[in-house]
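Undergrad: return atomic coordinates for the entry below.
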Amino acid sequence: MGERFDLSKRRARPGLAGLMLALEVLVTGCLVTEKVDYDAPNSPPSVTPLSPVPSGWLSADPDPGCNGDVPFVARIADNDVDQPLSARLLVNGAPGIGREIGVATDNGVDRGSFLFCARRDLFNQPCHYVELLVTSGFSEADPPYSTRIPGDLARVYWLVLGSSDGRQSDAKPDDCARLFDNDGGLP
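TA: Purely as a prediction, here's the structure:
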């Protein structure tokens, strides 16, 4: 028989495993970091149209509360309670009020109901697409829909029949649907 291999007689030699263990012990340390605070994710605001209630095509009726202009009322809310908001009202893609409206932050999540008076002279055609846009900040890079924070935009719309001369439009909703993409939906 051959010689037996006796583990008790084997001399220990430092090998690669031993070298790695020694290196690991030498470089192991304690990493101390400061607490990292991440910003809360931004959620877009929400807008609910209140008046006129969007139920198909509406008429553009002037209102004395708007000095003869056309009123639109919406409730605005935002989970980011400390974040100021801005709103734009567009009529057929043009500014309906000529400026942005600031939305207060002191009411918590539900910012309240807001009256937007669209200039009556913008309703000089039989068919109109009125949009209310709300965000924490508009960007002028690609107005009027561009926002400083991508995706931070709430949007509602009204489809309106009427004309600014005070007469009711004789246009029918089917006539107006051809003016907008998606069969009368969002342009």
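Undergrad: report the secondary structure state of residue 58.
TA: strand (DSSP: H, G, I helix; E, B strand; the rest coil).
Undergrad: mind pulling up the pLDDT for it?
TA: Note on residue 58: pLDDT of 78.
Undergrad: how about the one 4 residues further on?
TA: On the pLDDT scale, residue 62 is placed at 79.
Undergrad: residues contacting it?
TA: Residues near residue 62 by C-beta atoms under 8 Å, 6 or more residues apart in numbering: 68, 69, 70, 120, 166. For glycine as for every other residue, the C-beta is placed from the backbone atoms N, C-alpha and C.
Undergrad: can you list these in JSON lines and add distance to residue 100, secondary structure and pLDDT?
TA: As requested, the contacts of residue 62 are exported to JSON lines (distance: C-beta to C-beta, whole Å; DSSP: H, G, I helix; E, B strand; the rest coil; pLDDT from 0 to 100):
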{"residue": "68", "distance to residue 100": "22", "secondary structure": "coil", "pLDDT": "84"}
{"residue": "69", "distance to residue 100": "17", "secondary structure": "coil", "pLDDT": "86"}
{"residue": "70", "distance to residue 100": "19", "secondary structure": "strand", "pLDDT": "87"}
{"residue": "120", "distance to residue 100": "20", "secondary structure": "helix", "pLDDT": "84"}
{"residue": "166", "distance to residue 100": "29", "secondary structure": "coil", "pLDDT": "54"}
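Undergrad: for those residues, which one is nearest residue 43?
TA: Set against residue 43, the nearest of the contacts of residue 62 by C-beta to C-beta is residue 70 (30.7 Å).
Undergrad: between the contacts of residue 62, which is nearest residue 131?
TA: Closest approach to residue 131 among the contacts of residue 62 (C-beta to C-beta): residue 70, at 13.6 Å.
Undergrad: before we move on, back to that, most neighbours among the contacts of residue 62, which one?
TA: Neighbour count (other C-beta atoms under 10 Å) singles out residue 70 as the most crowded of the contacts of residue 62, with 28 neighbours.
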